[in-house]
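[1] build the 3D model from these lines:
(chains A and B)
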Amino acid sequence: MKAVRSMVLVTNDPISLQRGAQAVYDCLQEEVNKFGLAGEVSLAMIGDVAREDAAPLVIVYPEAVVYGPVTPKDVPLLVEEHLYKGRIAADLQATNRELTGRVAWLSTRKGALPAEQRIVLERVGVINPEDIQDYINHDGYTALRKALTSLTPADVIAEIKKSGLKGRGGAGFPTGLKWDFVAKATGDRKYVICNADESEPGTFKDRVILEGDPHSIVEAVTLAGFAVGANEAYIYVRGEYQLAQQRLKKAIIQAHEMRFLGKGICGTCFDFDIHVHSGAGAYICGEETALIESIEGKRGEPRSRPPYPTTHGLWGKPTLVNNVETLANIPAIIRHGASWYQGFGTKSSPGTKAYTILGNVNVTGLIEVPMGITLREVISIYAKGMKNNATFKLAQTGGSSGSVVPASLQDTPMDFDSFNKVGLSLGSGALLICDESTCVVDLARVIVNFFRFESCGKCSPCRIGSQKAYEILTRISEGVGTLKDLEDLEKIAENLYQLSNCGLGQTVGTPVRDILKHFRAEVEAHIRLKVCPTGVCAMSGRWSPAK
Amino acid sequence: MTLDGQIEIDAIAAVQKAVQQHGTIRDELIPILIDVNREIGYLPAAALEEISRQLRVPKSQLFSVATFYQMLSTTPRGAHVVQFCESAPCHVEGGRKVWHTLMDALGGIKSGETTPDGKWTLVTTSCLGLCGMGPIIIVDDDIYGNVNPQQVAEILSRYA
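    Numbering: from 1, shown residues only, chains lettered A, B, ... in the order given. Got it, this is the predicted structure:
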């Protein structure tokens, strides 16, 4: 996809087609050429957007304006007004401007990208993260004060439940429900843990939040403690994030000085303290039970579950474990209310999500948008298109654990439900975007190597399976793979999914399975033809089980 | 004073310092290991013995923990440690070519190895959370982003 000024999408689901979508599309093409805009406007047809009432729809980006129902005779006006003169053709707009499950029309903040809506990144880049006063001046600690002085713990949990917030670390578990479990668990003491281990390849959103707005996590963790009945928290930050650790420690000291931590917070009888605990370089410690083992001074090996940390966590006590981004949403929800939060995103996945954009695109970085945006939108609007006008081939959405999304599925809204419906998992939102120069065998090999290296070694399926899968993929990349190898690979992927002790082992098979599902021909070319179509793999004709 | 003797003295001093800061309870074990590793450059056997003594943790458990985590090393490292990210994002963003150039520039050593003169140790790591600027090279505490193969030699030349 090349970088263009405007992107125009025409729906082509059966109902739209029946009502003349093809004619509309053709007309659009003609008019765009007539006005000499062919180089600046891209035109594409997309599938169902669940708006039969206004089909066929024409959606124009970056303003995210929805027109419909559109007939061929409306097209000249649309093109002239909107694409040529830059004015929205209000008469042609669909009633109820929102699209179900898509990026909704939002008033944009000055300087922000279209439709970007910052909740967790609200203060990042705006305040001085090492100054608590700056945080306070931007509504800092008002949520905590409100909760401690005028709400009960049950009120807080009810509000989080109502908001529909789901975990942002990758698993997508309903946050309010988890808080409820911990609140109802029996134990003489409870703990809150903030999972800041962030080691999923491609993910750095938590680092940006911790470095840019550490107080938001201090406040969120304290709120969580109040809600579930804990008086102590650990923020487990991966060892490589030195700056994040420093800023958190400083923020905690400042919060103590101003009585937002310690004994009798905000003049109430609630006591709370937070420890910053460093990791030492282990991806598996992002798994909640492995994380707990690591805090307890042991190898980060996941425990057997049940029981879950909600009832038997740190030192055997009920423990709440939440991801940084999940927690960063909490103060805003308490401040503005659950209904406000539900106004963003989709019904099944309300709120916003921070997506990191990486790979063969023009602009890499971090954005926060309502849940439900599509890959196509991300690539063309935020990433400003593929680098060197390359073709989009595939993307991984959940770091290395995520499904592999082929170009044919790039219009699927990125929310938990829509992805599940097409057999994909969303994950942490690290969007690795690959162009046609990416070899799927090479990519699979790099991904499986990551899991092989990071496997804790406790359970045989993962310890042995990831090693075997890596060897097979290496053999294929050296041109000595066989079709039986592919059969074995599929079996290993299945075993990993069914038999592994924890999520790491379970997801090793996901990218492998997806690649075999959508790109089998390319993989088989390495075997049958002894050729790497992209020219990336070594294909030396030799392999030995060296190290 | 032999070299071993000096290492032992340094090790015990580093452990004392870490224990004074963190205390001797079990959940401070990994923070202590990190501090000592940072101070000396790795975890000599003498350090682990001292930690075992102070925290009353069996040595086998200490080795079990020290060998599990990527940031801790039980073997000595070179004067400068070069870390290179080999995860998917950096790889897709041009990591492969940078990696080959790096290996060549360091005399062909492989990951985990140290050059014969003891100057460089090369380590491949998993994702470091800097993916927007891949490929990434870290030398000691200095982070280099958006590295292309032509820049590798110049980066290495900055270190004595």
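[2] isn't residue A:539 right next to residue A:479, touching?
    Yes - using Cβ atoms under 8 Å, residue A:539 is in contact with residue A:479, at 4.0 Å. To be clear about C-beta, it is placed using only N, CA and C from the backbone, and glycine gets the same treatment.
[3] which neighbours do these two share?
    Residues touching both residue A:539 and residue A:479 (Cβ atoms under 8 Å, 6 or more residues apart in numbering or on different chains) are A:526, A:530, A:532.
[4] between those, which has the most around it?
    Neighbour counts for those, by other Cβ atoms under 10 Å in any protein chain shown, peak at residue A:526, which reaches 26 neighbours.
[5] so the closest residue to chain A within chain B, which state does it fall into?
    Closest to chain A within chain B is residue B:70: 3.2 Å, counting by Cβ to the nearest Cβ. With DSSP: H, G, I helix; E, B strand; the rest coil as the basis, residue B:70 sits in coil.
[6] give the contact list for the closest residue in space to it that isn't next to it in sequence.
    Distance criterion Cβ to Cβ, 6 or more residues apart in numbering or on different chains; nearest residue to residue B:70, sequence neighbours excluded, is residue A:281 at 3.2 Å. Residues in contact with residue A:281 (Cβ under 8 Å, 6+ apart) are A:238, A:239, A:240, B:69, B:70, B:71, B:72, B:125.
[7] ok, of those residues, which one's closest to residue A:328?
    Nearest to residue A:328 among the contacts of residue A:281: residue A:238, at 16.9 Å, using Cβ to Cβ.
[8] relative to residue A:520, how far out is that closest one?
    According to Cβ to Cβ, to the nearest Å, residue A:238 stands 36 Å off from residue A:520.
[9] of the two, which one has the most company?
    residue A:238 (26 against 12).
[10] how many other residues sit next to the spatially closest residue to the more buried one that is not a sequence neighbour?
    Nearest residue to residue A:238, sequence neighbours excluded (Cβ to Cβ, 6+ apart): residue A:279, at 4.3 Å. Neighbourhood size, residue A:279 [other Cβ under 10 Å]: 28.
[11] do the same with residue A:545
    Residue A:545: 8 neighbours (other Cβ under 10 Å).
[12] now it: closest residue in space that isn't a chain neighbour?
    In space, and not counting its chain neighbours, residue A:545 is closest to residue A:471: 6.6 Å by Cβ to Cβ, 6+ apart.
[13] now the stretch 401-547 of chain A against chain B: closest residue?
    Counting by Cβ to the nearest Cβ, the stretch 401-547 of chain A gets nearest chain B through residue A:446, at 4.9 Å.
[14] what does the helix or strand harbouring that residue rub up against?
    Using DSSP states H and E, residue A:446 falls within helix A:440-454. The contact list for helix A:440-454, computed with Cβ under 8 Å, 6+ apart, reads A:199, A:201, A:282-284, A:394, A:396, A:400, A:434, A:462, A:466-467, A:469-470, A:473-474, A:476-477, A:504-505, A:507-508, A:511-512, A:515, A:519, A:522-523, A:526, A:532, A:534, A:536-537, B:86-88, B:91-92, B:126-127.
[15] which residues of chain A fall in strands?
    A:6-11, A:41-46, A:58-61, A:65-67, A:191-196, A:232-237, A:273-278, A:319-323, A:352-359, A:365-370, A:392-396, A:404-406, A:430-435 (DSSP state E).
[16] how about these in a markdown table, adding mean neighbour count?
    Below are the strands of chain A laid out as a markdown table (neighbours: other Cβ atoms under 10 Å in any protein chain shown):
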| stretch | mean neighbour count |
| --- | --- |
| strand A:6-11 | 22 |
| strand A:41-46 | 18 |
| strand A:58-61 | 23 |
| strand A:65-67 | 23 |
| strand A:191-196 | 27 |
| strand A:232-237 | 23 |
| strand A:273-278 | 19 |
| strand A:319-323 | 27 |
| strand A:352-359 | 26 |
| strand A:365-370 | 23 |
| strand A:392-396 | 25 |
| strand A:404-406 | 24 |
| strand A:430-435 | 28 |
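[17] doesn't residue B:83 make contact with residue B:126?
    No - applying Cβ under 8 Å as the test, residue B:126 and residue B:83 come out as separate, 10.3 Å apart.
[18] any low-confidence regions in the chain?
    All of this refers to chain A. A:1-3, A:47-52, A:64, A:95-115, A:546-547 (pLDDT under 70).
[19] wrong one, I was asking about chain B
    B:1-2.
[20] write out the residues of it neighbouring chain A.
    Chain B comes close to chain A at residues B:26-31, B:33-34, B:57, B:61, B:64-65, B:68-72, B:86-89, B:91-93, B:96, B:125-134, as judged by Cβ under 8 Å from any Cβ of the partner chain.
[21] ok, and of the shared contacts of residue A:539 and residue A:479, which contact chain B?
    Within the shared contacts of residue A:539 and residue A:479, nothing lies near chain B by Cβ under 8 Å from any Cβ.
[22] tell me which stretches of chain B form helices.
    Assigned by DSSP state H, the helices in chain B fall at B:3-22, B:29-40, B:45-55, B:59-66, B:88-90, B:96-105, B:152-157.
[23] what sits against the spatially most central residue of chain B?
    In chain B, the C-alpha nearest the mean C-alpha coordinate belongs to residue B:71, at 5.5 Å (Cα atoms, centre = their mean). Contacts for residue B:71 (Cβ under 8 Å, 6+ apart) come out as A:239, A:240, A:280, A:281, B:34, B:37.
[24] farthest-apart pair in those residues, please.
    A:240 and B:37 (13.2 Å).
[25] which residues does residue A:11 form beta bridges with?
    Beta-bridge pairing for residue A:11 (DSSP bridges): residue A:46.
[26] that one contacts residue A:55, doesn't it?
    Yes - Residue A:11 lies in contact with residue A:55 (Cβ under 8 Å); the separation is 6.0 Å.
[27] okay, and the common contacts of these two?
    residue A:21.
[28] what separates residue A:329 from residue A:163, distance-wise?
    Residue A:329 is 8 Å from residue A:163, by Cβ to Cβ.
[29] common neighbours of the two, please.
    By Cβ under 8 Å, 6+ apart, the residues touching both residue A:329 and residue A:163 are A:341, A:351.
[30] ok, residue A:46 - contacts?
    Contacts of residue A:46 (Cβ under 8 Å, 6+ apart): A:9, A:10, A:11, A:12, A:376, A:411.
[31] okay, now residue A:483: neighbour count?
    10.
[32] give the contact list for the closest residue to it other than its chain neighbours.
    Among residues not flanking residue A:483 along the chain, residue A:527 sits closest, at 6.0 Å (Cβ to Cβ, 6+ apart). Shown in contact with residue A:527 (Cβ under 8 Å, 6+ apart): A:476, A:481, A:482, A:483, A:485, A:486.
[33] ok so, going back, next, format the contacts of residue A:46 as a markdown table and append distance to residue A:132.
    Shown next, in a markdown table, are the contacts of residue A:46 (distance: Cβ to Cβ, whole Å):
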| residue | distance to residue A:132 |
| --- | --- |
| A:9 | 46 |
| A:10 | 51 |
| A:11 | 50 |
| A:12 | 53 |
| A:376 | 42 |
| A:411 | 44 |
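[34] nearest to residue A:121, of those residues?
    The closest of those to residue A:121 turns out to be residue A:376 (Cβ to Cβ; 22.7 Å).
[35] for the closest one, which non-adjacent residue is spatially closest?
    Leaving aside its chain neighbours, residue A:376 sits nearest to residue A:410 (4.7 Å; criterion: Cβ to Cβ, 6+ apart).
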